[in-house]
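Chemist: Next one to model:
(one chain, ligands or ions: 2)
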Amino acid sequence: MRGFYIGRFQPYHNGHHHMVKEIATEVDELVLGIGSAGDSHSTRNPFTAGERVMMITKSVAEFDLTTYVVPIEDLDRNSVWVSHVQSMSPKFDVAYSNNPLVIRLFTEAGVEVRQSPMFRREVLEGTELRQRMIDDDGNWRHLVPDPAVDVIDEIDGINRIQQVSDSDSNDEAVPETPE
Ligand SMILES: Nc1ncnc2c1ncn2[C@@H]1O[C@H](COP(=O)(O)OP(=O)(O)OP(=O)(O)O)[C@@H](O)[C@H]1O
Ligand SMILES: NC(=O)c1ccc[n+]([C@@H]2O[C@H](COP(=O)(O)O)[C@@H](O)[C@H]2O)c1
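Modeler: Ligands and ions are numbered 1, 2, ... in the order given. As a prediction, the model looks like this:
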């Protein structure tokens, strides 16, 4: 059986890694879909699809599981998103997600969806990790698999996220109120 697990993986962290480990007990093969693949260089999506491919591929190598990493760009039309995913991915039997929209779209398209309990969500959350990277106290490193830490260092990821999170160059900046 082949599974499909989608996320933005900004960055790929130990919560995702724990989920892959659990999924590996249920399937023979797993497709990891990199969502919002066209987005990068912003506070919410600092890493490119290629950089996320590296983080994931190197991290999941430790599992006894055949994996495929497939970047998937966003569409303006939710109603055809599942067909878009299926057109980009090896065929799969079951999708894994905790995202309510993703669950809804797959279920409406007749795809079985499995959810998993959140693992140490108080720290293992992309938003929290990105804030720790911006704060740069190194307090994110133990929350990310070592191979993904190496990739972030290789691409100078901390300097990038700090620079793009500076006010006017990012997608989470609060617009100034006109006088
Ligand atoms: N700690 C965790 N334990 C289990 N599943 C997780 C955990 N963190 C994220 N997931 C799940 O992994 C999938 C991909 O998550 P995503 O890439 O959005 O990470 P995130 O930590 O939720 O990041 P962000 O804060 O950027 O949204 C989602 O289904 C999400 O619910
Ligand atoms: N219309 C669309 O393009 C559409 C719909 C649902 C989910 N998605 C993507 O799937 C991914 C879901 O991952 P998360 O669970 O990490 O949010 C995101 O990248 C999200 O943008 C895209």
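
Chemist: Run through the residues that contact Met54.
Modeler: Met54 sits next to Val151 when contact means CB atoms under 8 Å, 6 or more residues apart in numbering. No exception for glycine: its C-beta is placed from N, CA and C like everyone else's.

Chemist: Run a quick neighbour tally on the residue nearest to Val144 when sequence neighbours are not counted.
Modeler: Computed as CB to CB, 6 or more residues apart in numbering, the closest residue to Val144 that is not its neighbour in sequence is His13, at 5.1 Å. Per other CB atoms under 10 Å, the neighbour tally for His13 reads 25.

Chemist: Roughly how far does His13 sit from ligand 1?
Modeler: Distance, His13 to ligand 1, using CB to the nearest ligand atom, to the nearest Å: 6 Å.

Chemist: Same question for Asn78.
Modeler: Separation of Asn78 from ligand 1 (CB to the nearest ligand atom) stands at 16 Å.

Chemist: so that residue makes contact with Val102?
Modeler: No. Judged on CB atoms under 8 Å, Asn78 makes no contact with Val102 at a distance of 9.9 Å.

Chemist: Mind checking which of those two has more residues around it?
Modeler: Shown here are Asn78 and Val102; by other CB under 10 Å, Val102 has more neighbours (21 against 13).
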